[in-house]
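Novice: got a sequence here, can you model it:
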Amino acid sequence: MGAGPQGQQPANNNRRPFNNNSRSSGSSGPGNRNQRSNPRRHQPGKNQAPHVKVEMPKPKSIRIGESISVKELAGKMGREVSEIIKKLMLMGTMVNINQEVDFDTVCILGGEFGVAVEAIPPEEDPTEIPEIEDDEQDLVYRSPVVTVMGHVDHGKTSLLDVIRQTHVTTQEAGGITQHIGAYQVMCQGKKIVFLDTPGHEAFTAMRARGAQVTDIAILVVAADDGVMPQTIEAINHAKSAKVPIIVAINKMDRPGANPDRVKQQLAEYQLIPEDWGGDTIMVPVSAHQKTGINDILEMILLVAEMLDLKANPNRLAYGTIIEAKLDKGRGPVSTVLVQKGTLRVGDTIIAGTAYGKVRAMTNDRGEKIKKAEPSTPVEVLGLADVPAAGDILVAVDERTARAVAEKRVAKKRTEEIKQSQKVSLEDLFNQIQEGSIKDLNIVVKADVQGSIEALRQSLLNIKNDEVRVNIVHAGVGAINESDVMLAAASNALIIGFNVRPDGNARKAADSEKIDIRLYRVIYDAINDVEAAITGMLAPEFKEVILGRAEVRQVISIPKAVVAGSYILEGKITSTAQVRLIRDGIVIHEGKLESLRRFKDDVKEVAQGYECGITIEKFRDVKEGDTIEAFTMEEVAPKG
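Specialist: Down below sits the predicted model:
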């Protein structure tokens, strides 16, 4: 009996020649299972699997988007990742398995491997919500949105107050309660929406973010004062936004009122009155005597009729955030101007990176409302975060809102790392070569009007086939935040002649990445712009601001004038160069003679401390002047 099984064993071995001898005497269970599934025939194949994968199908052509990772590309081309990386290294591109390769590089790589590369049409940006195209038949009349601009003290607020008081809607009880920065008035049975913006900065800051909310701009000019620096600024802001301008010549009741002089001054800025054969509507008004108010409202309706303003109210809402704040009791509160569709309580909304549900809506009179139609300003509660002024608000389904908000947060993080590059003189020639810039927009600020005209003419005379110089705004006085915001919106650089940027302007320029160039010699400015356009600019020195001090007391001694100063920011060092600034204008530039704390000479004085400053060979120091300390650092030429 014992010999029987031994006698069968060789027969079994003959039947299964690939069986391992060392396992032949084991239990029959695994043997039987192996016999049933019969995997042993394929066992060697397992060891050869990696070699089999090499023989992937090699396509004749592939389709990719704007970029693709090395790993995905290897899969699409049927090649090993190491093969792709090696080929890219030979082409001079160092990459790893997860790095993205652009379309042009893949095309060259495809030529090396004999694979045709086709482009997939670009997909919709996942951070953008597709715009709904409205059918022409669904569009109905909507109210015009008006922004009032002009020089300080020319009566903007007075004019708005008169319009508010005399044209509020009849349903209102106890006068208007200004809850939000926008309101509606009635004229001839039609509504007009006024945006009560804090100034040109807000107007342009919103436009810099891509929001175009204003249909008509009203420019208020005092009949007895004429065109002033902020008037010119307002004209440039409105023109840059391509918004029709209606001029309100205010203070007609004043003894020195001269509307013809105002018209003549405005004509110099291409605002030609209708009665002179131009196309700019000019209305004489008096906010004090409440005259001409109806005329200006009628003109707004006339211009609105010519603009043919329409919107579809029967769709999901689309609007713009006018302003937003964090309220302690209510959370994020946003003022929204609905531009298309109807916004309802309960709608899921997204604005920038913030999303949520509309919990409550309040109109301009402080009343709770359930829905807001096109051209209606409302205060909205319900967003999870505070959006930025100028963000586009869209009503969508909750799933889309969450997905888009997440993608926007990720994109914002990426952009913050990259920091979008604005135009600067150093890289101007490169941008021209790449074809990314056709107009060189410049904001010019100078100490006197004569300098502005000289600079403007000289800059406009610079001729180049590739690029055209365009003066976006020119004004007298210090470079302020409004100039920086205008430059950001117009992708312009700022040239200052004998003037300085104030603290807010400098901070805004840093955050918006605006190039501010400051000059004392007019030819230096012209030469720099010419050199940048022709690609020869190689700055040798860069100015570094060390600190600013305010002169609080002037002490005269026989040998010098000591400026008793308080350091506002940074520090003042004894070796630094200084400039004395009065009302934003550079009065003197030179060296420090001495820097003292009490009776001791010191090397530097930091922010928050007081000191005595003496400027070499200069005595004309007054209280309220600013002393700016700076050094010149050598910069290696680029390229």
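
Novice: give the contact list for Val386.
Specialist: Ala324, Lys325, Leu326, Pro332, Ser334, Ala354 (Cβ atoms under 8 Å, 6 or more residues apart in numbering). (C-beta placed from N, C-alpha, C; glycine too.)

Novice: partner residues bridging the last one?
Specialist: So the one you mean is Ala354. Judged by DSSP bridges, the bridge partners of Ala354 are Ala351.

Novice: what's the answer for the first one, then?
Specialist: Partner residues in beta bridges with Ala324, using DSSP bridges, are Ser334.

Novice: give me the neighbour count for it.
Specialist: Counted by other Cβ atoms under 10 Å, the residues lying close to Ala324 total 22.

Novice: in the chain, spot the helix with the most residues.
Specialist: Secondary structure of the chain per DSSP state H: the longest helix is helix 398-418.

Novice: just give me the longest strand of the protein.
Specialist: strand 541-556 (DSSP state E).

Novice: so what strands line up beside that strand?
Specialist: In the sheet, strand 541-556 lines up with strand 561-573 (antiparallel), strand 626-634 (antiparallel) (DSSP bridges).

Novice: what mean pLDDT does the shortest one get?
Specialist: In this model, strand 626-634 has a mean pLDDT of 88.

Novice: for Leu307, give me its contacts.
Specialist: Pro144, Asp215, Ile216, Pro244.

Novice: please repeat the previous calculation with a cut-off of 7 Å.
Specialist: Asp215 (Cβ atoms under 7 Å, 6 or more residues apart in numbering).

Novice: same thing with Ile613?
Specialist: Ile613 touches Ala549, Ala563, Ser565, Ile572, Leu592, Leu595, Ile627, counting by Cβ under 7 Å, 6+ apart.

Novice: try 6 Å this time
Specialist: Ala563, Ser565, Ile627 (Cβ atoms under 6 Å, 6 or more residues apart in numbering).

Novice: could you find the closest non-adjacent residue to it?
Specialist: Among residues not flanking Ile613 along the chain, Ala563 sits closest, at 4.6 Å (Cβ to Cβ, 6 or more residues apart in numbering).

Novice: which stretches of the stretch 301-450 of the chain form strands?
Specialist: Assigned by DSSP state E, counting those that start in this stretch, the stretch 301-450 of the chain shows strands spanning 310-311, 318-327, 331-340, 343-344, 348-351, 354-362, 368-369, 371-372, 376-383, 392-395, 439-446.

Novice: and of those, who's closest to Glu543?
Specialist: strand 439-446 (16.6 Å; Cβ to Cβ).

Novice: flag every buried residue along that closest one.
Specialist: Neighbour-count burial for strand 439-446, with 16 or more other Cβ atoms under 10 Å as criterion, is recorded at Leu440, Asn441, Ile442, Val443, Val444, Lys445, Ala446.

Novice: cool, and stretch 476-491?
Specialist: Going by 16+ other Cβ under 10 Å, stretch 476-491 has these buried residues: 476-490.

Novice: so which of these sit within helices?
Specialist: Glu481, Ser482, Asp483, Val484, Met485, Leu486, Ala487, Ala488, Ala489, Ser490.

Novice: would you mind giving those as a markdown table with distance to Asn461 and pLDDT added?
Specialist: Output for these, formatted as a markdown table (distance: Cβ to Cβ, whole Å; pLDDT from 0 to 100):
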| residue | distance to Asn461 | pLDDT |
| --- | --- | --- |
| Glu481 | 30 | 88 |
| Ser482 | 27 | 86 |
| Asp483 | 23 | 89 |
| Val484 | 26 | 90 |
| Met485 | 28 | 88 |
| Leu486 | 23 | 88 |
| Ala487 | 22 | 88 |
| Ala488 | 27 | 86 |
| Ala489 | 26 | 83 |
| Ser490 | 21 | 81 |
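
Novice: nearest to Val152, of those?
Specialist: Nearest to Val152 among those, with distances taken as Cβ to Cβ, is Ser482, at 11.9 Å.

Novice: can you get me a residue count around the residue nearest to Lys370 when sequence neighbours are not counted?
Specialist: Leaving aside its sequence neighbours, Lys370 sits nearest to Val345 (Cβ to Cβ, 6+ apart; 5.3 Å). Val345: 17 surrounding residues under other Cβ under 10 Å.

Novice: pLDDT score for Val345?
Specialist: 92.

Novice: quick one, what contacts the closest residue to Arg330 other than its chain neighbours?
Specialist: Closest residue to Arg330 apart from its sequence neighbours, by Cβ to Cβ, 6+ apart: Leu381 at 5.7 Å. Applying Cβ under 6 Å, 6+ apart to Leu381 gives the contacts Arg330, Arg359, Ala360.
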